[in-house]
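Undergrad: Sequence isn't available, so here's the structure alone:
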């Protein structure tokens with residue numbers, strides 16, 4: 001018996017044929033401020049998958065499993081309710097940070113990629129652009145040509161880095177930031193695992209104020225940013 005499926009999968013395969021015939025693409029519903037490209041969140045992937053899986057009697061389950069230190073392991077399993085036949089995938093994802101917030105970020109990332117892969121889900125640009133692929137190519141080129149901290153911020157090779165959900169300590173970081181009219185702050189996980197603060201909104205008239213408070217201008221991404229540790 002294969003470790004990733006039951007001995008027979010004919011009934012499950014029949015159900016999944018119907019699922020894949022009806023499933024809609026997941027919409028890229030959030031923008032990564034570093035890569036300037038949209039990506040599909042876990043909510044978008046689940047919304048595209050859940051109803052059609054349930055309609056055809058396929059149960060979805062995802063759960064974390066122990067793996068080596070500094071990583072999270074995720075099992076994604078599809079079970080045909082009528083026959084009990086199943087198929088599964090196993091993904092190991094490195095943690096951006098060894099804390100609960102880093103664990104949650106890596107788990108969310110792994111969940112949406114594992115689910116999309118297992119059900120054959122595609123992701124659709126809602127603006128008709130293949131922005132994600134172009135961003136990866138451009139960012140790889142940038143990372144080869146720049147060696148400053150700003151280049152480290154630009155070197156995200158994946159356009160799916162996510163806006164971080166702040167913990168209580170990180171919320172304190174946001175509270176300590178200067179208040180400027182029309183300027184908002186977001187915590188973002190860069191590809192190197194470091195937590196950054198991005199200033200958005202009406203920043204054009206506040207360049208000197210932002211610069212004096214440690215923010216740097218990224219001309220390629222057109223954002224003001226700084227590492228959260230410096231906040």
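TA: All right, it came through fine. No experiment lies behind these values; they were computed from the predicted model shown.
Undergrad: So which bits of the host helix or strand of residue 54 are buried?
TA: Element membership of residue 54, judged by DSSP states H and E, is helix 42-55. Within helix 42-55, the residues that qualify as buried are 42, 44-46, 48-49, 52-53, counting by 16 or more other CB atoms under 10 Å. Where you see a C-beta, it was placed from the backbone N, CA and C, and this is true even at glycine.
Undergrad: Could you identify the most distant pair in those?
TA: Between all members of the buried residues of helix 42-55, the longest pairwise span (CB to CB) is found for 42 and 52 and amounts to 16.8 Å.
Undergrad: now the helices for the protein?
TA: 10-22, 42-55, 100-119, 131-145, 149-154, 168-176, 207-212 (DSSP state H).
Undergrad: Check what contacts the last one and list those residues.
TA: Okay, so that is helix 207-212. Here helix 207-212 makes contact (CB atoms under 8 Å, 6 or more residues apart in numbering) with 178, 180, 183, 199, 203, 217, 224.
Undergrad: ok, those residues vs residue 29, which is closest?
TA: residue 199 (22.8 Å).
Undergrad: Please parse this structure into its domains.
TA: Each domain of the chain is listed here as a residue range: 10-124, 163-231, per automatic domain parsing.
Undergrad: Distance to residue 3 added to those domains, as TSV?
TA: Listed next are the domains of the chain as TSV, based on distance: least, CB to CB, whole Å:
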stretch	distance to residue 3
domain 10-124	8
domain 163-231	31
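Undergrad: If you average pLDDT over each of those, which is lowest?
TA: If you rank the domains of the chain by mean pLDDT, domain 163-231 sits at the bottom with a mean of 77.
Undergrad: what about that domain, distance to the chain center?
TA: Its chain's C-alpha centre and that of domain 163-231 lie 19 Å apart, by CA atoms, centre = their mean, to the nearest Å.
Undergrad: What of stretch 50-57?
TA: Taking CA atoms, centre = their mean, one finds stretch 50-57 lying 24 Å from the centre of the chain it belongs to.
Undergrad: Provide a list of residues in contact with residue 227.
TA: The neighbours of residue 227, taking CB under 8 Å, 6+ apart as the test, are 149, 194-197.
Undergrad: Was I right to think residue 67 contacts residue 91?
TA: No: taking CB atoms under 8 Å as the definition, residue 67 is not a contact partner of residue 91, at 9.8 Å.
Undergrad: These two: which is more packed in?
TA: Neighbour totals were compared for residue 67 and residue 91, and residue 91 leads with 19 against 14 (other CB atoms under 10 Å).
Undergrad: how near is the residue nearest to residue 87 when sequence neighbours are not counted to residue 81?
TA: On the basis of CB to CB, 6 or more residues apart in numbering, the spatially nearest residue to residue 87 that is not a chain neighbour turns out to be residue 5, at 4.4 Å. Applying CB to CB, to the nearest Å, one obtains 16 Å for the distance of residue 5 from residue 81.
Undergrad: who's more crowded, those two?
TA: A direct count of neighbours by other CB under 10 Å for residue 5 and residue 81 places residue 5 higher, at 17 against 14.
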